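> Predicted model and sequence below, questions to follow.
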Amino acid sequence: EAAVGCAQIENLNFFVEKKREIQQFYKKELGNIKGISFFPEPEWAKSSCWFSGIVIDDLNEEKMSHLIQKFAGQGVMIRPFWMPIHLQPNFKDCERSDLSCSENIWKKIVVLPCSTNITETELEKVSSTVHNILS
């Protein structure tokens, strides 16, 4: 496992640059769709963009399930964001501060295909599908 990790570290700059390019592509292509937004990037930080997601204003669990099916029908795999750890059963009784922001947003996040192996053609298909379904 350490050898695999070391090999991955050798490619870290490539991976991060590719992830940022994918995120920029999605922002450029999808940024004009009403009701969606992207994660903000503070001025003092630079995201690694390790995943590319969109936030859909009126999304909930039921609509997410429907969206996943619609996208799959078009040959595009999207997935929901993970449930915050403090909402998972094993951690329900743990001490915590106010986490209302994460409680409100996690169900509205759609993770788009963003492998470092994704092709330009695949990115364009995802973009086109998002426009067809969400516009």
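Okay, I see it.
> ok, longest helix in this protein?
Ranked by residue count under DSSP state H, the longest helix found in the chain is helix 12-30.
> who does the next helix-or-strand element following that one pair up with?
Helices and strands here follow DSSP states H and E; after helix 12-30, the next one along the chain is strand 36-37. Looking at strand 36-37 with DSSP bridges, its paired strands and their directions are strand 52-56 (antiparallel).
> Any idea how many residues pack against the residue nearest to Val16 when sequence neighbours are not counted?
Leaving aside its chain neighbours, Val16 sits nearest to Ser48 (5.0 Å; criterion: CB to CB, 6 or more residues apart in numbering). (C-beta placed from N, C-alpha, C; glycine too.) Other residues within reach of Ser48, judged by other CB atoms under 10 Å, total 13.
> try Ile54
23.
> Could you tell me how far it is located from Lys63?
According to CB to CB, to the nearest Å, Ile54 and Lys63 sit 13 Å apart.
> Also Cys94?
As it turns out, when the distance is counted by CB to CB, Cys94 lies 30 Å from Lys63.
> Please apply the same query to Glu120.
For Glu120, the distance to Lys63 equals 30 Å [CB to CB].
> buried residues in the longest helix of the chain?
Neighbour-count burial for helix 12-30, with 16 or more other CB atoms under 10 Å as criterion, is recorded at 16, 18-20, 22-23, 25-26, 29-30.
> and what of stretch 128-135?
For stretch 128-135, a neighbour-count test (16+ other CB under 10 Å) marks 129-130, 134 as buried.
> and the residues you listed as JSON lines, adding pLDDT?
Formatted as JSON lines, the entries for the buried residues of stretch 128-135 read as follows, by pLDDT from 0 to 100:
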{"residue": "Thr129", "pLDDT": "97"}
{"residue": "Val130", "pLDDT": "97"}
{"residue": "Leu134", "pLDDT": "94"}
